[in-house]
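S.K.: generate coordinates for the sequence data below:
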Amino acid sequence: MSRNLVFAVCVFTAALAAAAWLAVGHQGRAGESNLRVARAAQLNPHELRFAADSPQLSFIKVEAVEALPEPLLDPLSARIAYDENHTARVSSPIAGRVTRIFVEPGDRVVTGQPLLLVDSPEFAAATADVAKSRADLQFKRQSYTRARESYDAGVIPRRDLDNAQSDLRQAEAESERSLMRLRNLDSAAGSMREPGYVLRARLSGVVSERTANPGMEVRPDTPNPLFVVTDPAHLWVIVDLPERNLGALHAGQGVEVEVDAYPHRRFPARVAAVAEVLDPTTRRVQVRCVLDNPQRLLKPEMYARVTPLADTLEKLPRIPNSALLTAGLYSFIFVEKDTGVFEKRQVTLGLQGRSESYVKQGLAGGERVVTAGALLLNSELAGVD
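M.R.: Numbering: from 1, shown residues only. The predicted structure is shown next:
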């Protein structure tokens, strides 16, 4: 009985194995048939056509290339800085103690707007000098008027009239001196309504930095300014240019600025000045560029990369290096001619950067280039009979 059971199990197992083998063979032949259907058709030695439902298309990324001004060099290291022509670093010209602060970082101010109030004995003395000189001037004017009347009446000699006139001129000079001193400290000091010295904004802009605190003692020789007021729509870009590239930049030349915060944007700028002296330690020349920042996207002290542009108006297509195929000394790309149709094309490159290259010949701006999957297309083209 046990022998019959063993024999039945063996027969059943063999039947299952045979069925599985037949199923696998059928699926393999079906897969090979589907693969032949999915393979690309070769239109000519340099072109491939894929059906709309070809699975290979899901691994291919195509982008339209943009024509941009031709760069001269690889991007140079740089940093964003304040435009000093639109920036004021405000310090107190007198010693005293801060009693009140009127603005905070980020506030927009206009020229003459109060920033802080300082309790200063020096300012109080200047204010008292103005009041004293005004009183003395009024007295000397009255004295001169009386002396003039007396001289006209023949009561006093000419010498007394001259002395009164001299005293009046000295009083006028002293009054002017004290008032100018007070105005140098505070341009709006004519009203003298505030009980102390008012530090005011020297230009319109945004308060970007503040080091002043309530109760802080301030002096004219304090190393750091109490406030930095700047117009953020205007910035400088400072480039440390290597000595070997000194001839590539000149005043008035256009450049493009890139920052990590906006990886797909380039900001146009212009070279304003090239330093006349090299840094003896780094052997680099400092180049200053001016940059308009109307949207206030860029911030001072950002690290940046600056690409010098050629003075010519010619524009070249820019492609990512992932689109390039190299065969010996030649470079190739795949261009999408139509939906599912790709052409392998030889190109001549200009400047080749770390991540992008510029094409001098073989490609026009606006054409659609395969930026991912070029190796797959090259393998398909080589494998088509």
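
S.K.: do you have the helices of the stretch 51-200 of the chain handy? List them.
M.R.: Applying DSSP state H, counting those that start in this stretch to the stretch 51-200 of the chain gives helices spanning 121-152, 158-185.

S.K.: quickly list the domain ranges of the protein.
M.R.: With domains defined by automatic domain parsing, the chain comprises 41-68+314-383, 76-85+231-308, 122-182.

S.K.: kindly reformat these as a markdown table containing mean pLDDT and distance to R219.
M.R.: Any C-beta I mention is one placed from the backbone N, CA and C, and that applies to glycine too. A markdown table is the format used below for the domains of the chain (pLDDT from 0 to 100; distance: least, CB to CB, whole Å):
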| stretch | mean pLDDT | distance to R219 |
| --- | --- | --- |
| domain 41-68+314-383 | 85 | 50 |
| domain 76-85+231-308 | 93 | 24 |
| domain 122-182 | 87 | 11 |
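
S.K.: looking at those, spot the one closest to G106.
M.R.: G106 sits nearest to domain 76-85+231-308 of all the domains of the chain, at 10.3 Å, using CB to CB.

S.K.: how many other residues sit next to D83?
M.R.: Counted by other CB atoms under 10 Å, the residues lying close to D83 total 22.

S.K.: for the most centrally placed residue in the chain, which non-adjacent residue is spatially closest?
M.R.: The residue lying closest to the centre of the chain (CA atoms, centre = their mean) is L298, at 3.6 Å. Counting by CB to CB, 6 or more residues apart in numbering, L298 lies nearest to I80, which is 5.4 Å off, once chain neighbours are set aside.

S.K.: quick check: that neighbour touching V306?
M.R.: No: look at I80 against V306 with CB atoms under 8 Å: they stay out of range, at 10.4 Å.

S.K.: name the residues contacting each of those two.
M.R.: In terms of CB atoms under 8 Å, 6 or more residues apart in numbering, I80 and V306 are both contacted by the residues V237.

S.K.: higher neighbour count, those two?
M.R.: Higher neighbour count among I80 and V306: V306, with 27 against 22, using other CB under 10 Å.

S.K.: partners of the residue nearest to that one when sequence neighbours are not counted in the sheet?
M.R.: Distances taken as CB to CB, 6+ apart place A78 nearest to V306, at 4.5 Å, with adjacent residues excluded. Note on A78: beta-bridge partners by DSSP bridges are V239, A304.

S.K.: in contact with A78, which residues?
M.R.: Listed by CB under 8 Å, 6+ apart, the contact set of A78 reads 237-240, 257, 289, 303-306.

S.K.: distance of it relative to A261?
M.R.: Relative to A261, A78 is positioned 14 Å away (CB to CB, to the nearest Å).

S.K.: then E122?
M.R.: Applying CB to CB to E122 and A261 gives a distance of 46 Å.

S.K.: what does R296 give?
M.R.: R296 sits at a distance of 12 Å from A261 (criterion: CB to CB).

S.K.: do the same with P114
M.R.: 34 Å.

S.K.: do the same with A275
M.R.: From A275 to A261 the distance is 27 Å (CB to CB).

S.K.: again with I60
M.R.: 31 Å.

S.K.: neighbour-wise, which of those two wins?
M.R.: Neighbours around I60 and A261, counted as other CB under 10 Å, are more numerous at I60. The numbers are 19 against 12.

S.K.: for the more buried one, what are its contacts?
M.R.: By CB under 8 Å, 6+ apart, the neighbours of I60 are 342, 370, 372-373, 376-377.

S.K.: just these: which are in strands?
M.R.: Residues of the contacts of I60 located in strands (DSSP state E): 342, 370, 372.

S.K.: is it true that the last one touches K61?
M.R.: Yes: look at A372 against K61 with CB under 8 Å: they come within range, at 3.7 Å.

S.K.: rewinding a little: hmm, V259 and the residue nearest to the centre of the chain touching each other?
M.R.: Yes: counting by CB under 8 Å, L298 touches V259, with 6.5 Å between them.

S.K.: what sits in contact with each of those two?
M.R.: In contact with both L298 and V259: 80, 267, 304, using CB under 8 Å, 6+ apart.

S.K.: turn those residues into a markdown table, including distance to V103.
M.R.: Shown next, in a markdown table, are these (distance: CB to CB, whole Å):
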| residue | distance to V103 |
| --- | --- |
| I80 | 24 |
| F267 | 29 |
| A304 | 29 |
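
S.K.: quick check, nearest of the residues you listed to E336?
M.R.: Among the shared contacts of L298 and V259, and counting by CB to CB, the member closest to E336 is F267, at 30.3 Å.

S.K.: count of neighbours near that closest one?
M.R.: F267: 21 neighbours (other CB under 10 Å).

S.K.: report the separation between the residue nearest to the centre of the chain and E256.
M.R.: 13 Å.

S.K.: what about stretch 159-176, distance to the chain center?
M.R.: When distances are taken as CA atoms, centre = their mean, to the nearest Å, stretch 159-176 is centred 60 Å away from the chain's centroid.

S.K.: go through it and flag the buried ones.
M.R.: Neighbour counts over stretch 159-176 (16 or more other CB atoms under 10 Å) mark 161, 164, 167-168, 171, 174-175 as buried.
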